[in-house]
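Engineer: coordinates for the following, if possible.
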Amino acid sequence: MTDNELKELVASLAVSQAKTDAKFLETEDQMKRTDETLKRMGIHLGGITDNNGANTEDYFYNSLVDNPVLGGIKYDSIAKNFQIKSRRSQGEFDIVMFNGENVALIECKYKAHEKDVEKLIHKKVDSFKDLFPIYAKHKFYLGIASFSFYPELEELAKQNGVAILKQKGEVMEIEADNLKVY
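Structural biologist: Numbers count the residues shown, from 1 in each chain. Purely as a prediction, here's the structure:
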């Protein structure tokens, strides 16, 4: 290879490298813009999810506040978005109803899933008793409130004695004939 051929090859490689670098920078800029868009969408979608959850809690709380009854048991007080943090634990409970000997824990989900019922049964009751030892001797009743149910979810709730609270037109319907003490 002659010196001129070598110079031409090096020059063409430099031009190709410059084009590749420019394309890379263009792609990198596009990726940054895409990342920024996805972050904004994530924040926006997260806001929608939070709003749906708050709307669900509001609907079922407002449906129960004037008539706090679950499974034929009348409650004296009702609380929404009941939260506590202690040095050893923390907990959030969507709707809690109390009377002298019973506590009802109602988990609200815009679209409930079987894992929500499992968590309610296996974690929420124990967490509540741990955070509020004054209620440890009370009878606990559970409910799952949602705008959307599917047959397997309803069956799981019924089999485990968990009340089903769902919207029915402008009225809420409660199925709690098989309510079980926890």
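
Engineer: could you point out the helix or strand that follows the strand or helix carrying residue 95?
Structural biologist: Assigned by DSSP states H and E, residue 95 falls within strand 90-98. Per DSSP H and E, the first helix or strand lying C-terminal to strand 90-98 is strand 102-109.

Engineer: what lies in contact with that next one?
Structural biologist: Under the contact criterion CB atoms under 8 Å, 6 or more residues apart in numbering, strand 102-109 has outside partners 53, 56-57, 60, 64, 70, 73, 75, 93-98, 116-117, 119-120, 124-125, 128, 135, 138-146, 163, 165. No exception for glycine: its C-beta is placed from N, CA and C like everyone else's.

Engineer: make it 7 Å
Structural biologist: Contacts with strand 102-109, where a contact means CB atoms under 7 Å, 6 or more residues apart in numbering, come from 56-57, 60, 70, 73, 75, 93-97, 116, 120, 124-125, 128, 135, 138-146, 165.

Engineer: of these, select the buried ones using a PyMOL command.
Structural biologist: This is the PyMOL syntax for the buried subset of the contacts of strand 102-109, where burial follows 16 or more other CB atoms under 10 Å:
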select buried, resi 56+57+60+70+73+75+93+94+95+96+97+116+120+124+125+128+135+138+140+141+142+143+144+145+146+165
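
Engineer: just the ones in helices from the contacts of strand 102-109, please.
Structural biologist: Among these, the ones falling in helices (DSSP state H) are 56-57, 60, 116, 125, 128.

Engineer: which member of these is positioned nearest residue 176?
Structural biologist: residue 60 (13.6 Å; CB to CB).

Engineer: grab the nearest non-local neighbour of that closest one.
Structural biologist: residue 145 (4.2 Å; CB to CB, 6 or more residues apart in numbering).

Engineer: so who does that neighbour touch?
Structural biologist: 56, 60, 106-108, 165.

Engineer: make CSV out of those and add pLDDT and distance to residue 36.
Structural biologist: Formatted as CSV, the contacts of residue 145 follow (pLDDT from 0 to 100; distance: CB to CB, whole Å):
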residue, pLDDT, distance to residue 36
56, 86, 31
60, 92, 37
106, 96, 39
107, 95, 35
108, 94, 33
165, 94, 41
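
Engineer: surely residue 140 touches residue 127?
Structural biologist: No: in terms of CB atoms under 7 Å, residue 140 does not count as a neighbour of residue 127; the distance is 11.3 Å.

Engineer: from residue 144, how far off is residue 151?
Structural biologist: In this view, residue 151 and residue 144 are 14 Å apart by CB to CB, to the nearest Å.
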